[in-house]
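Peer 1: sequence-free structure coming up:
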């Protein structure tokens, strides 16, 4: 039998590694994946965007995950889509809106397709980097008494 060894650092570093949250701040986030998901409470259709922190000064934060669930068509959904496709949407501004090129280049996000986890545009956005303000959300479930912290994206910022 092979002996397995676990190396532990200081209390502070180990506690930080176990935490699911990252400190509040402005981060470069890279879209890692997306998936259709309905809200737990009301069954509202939406998309769960999974981002990873990249290019951070603190290397221990790189690759940490930040989730962003947004209800379909809401302010938060539109903000996320605008951040993910900022360059693409700016390119559309220079095109004739009556042209075939413009029509072919528009984003096509269809709820029925997304509900089936199909979206060429969202798939193409995987790997795109956005700048976002990440907050720490403190929560408590009154029914169970459970409480904790998680991160939420409070807003996306323009890159230029």
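Peer 2: Thanks, I have the structure now. As the structure is a computational prediction, the values presented were derived from the model and not from experiment.

Peer 1: going forward, measure contacts and count neighbours with C-alpha atoms only.
Peer 2: Will do.

Peer 1: And the lengthiest helix in the chain, what does it pack against?
Peer 2: Assignment by DSSP state H gives helix 75-84 as the longest helix of the chain. Applying 3 or more Cα pairs under 8 Å, 6 or more residues apart in numbering; DSSP states H and E, one finds that helix 75-84 contacts strand 65-71, strand 129-140, strand 147-157.

Peer 1: need those in a markdown table with mean pLDDT, distance to residue 55 and mean neighbour count, can you?
Peer 2: Formatted as a markdown table, the helices and strands packed on helix 75-84 follow (pLDDT from 0 to 100; distance: least, Cα to Cα, whole Å; neighbours: other Cα atoms under 10 Å):
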| stretch | mean pLDDT | distance to residue 55 | mean neighbour count |
| --- | --- | --- | --- |
| strand 65-71 | 96 | 13 | 20 |
| strand 129-140 | 95 | 10 | 17 |
| strand 147-157 | 94 | 16 | 16 |
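
Peer 1: so residue 156 bridges to which residues?
Peer 2: residue 132 (DSSP bridges).
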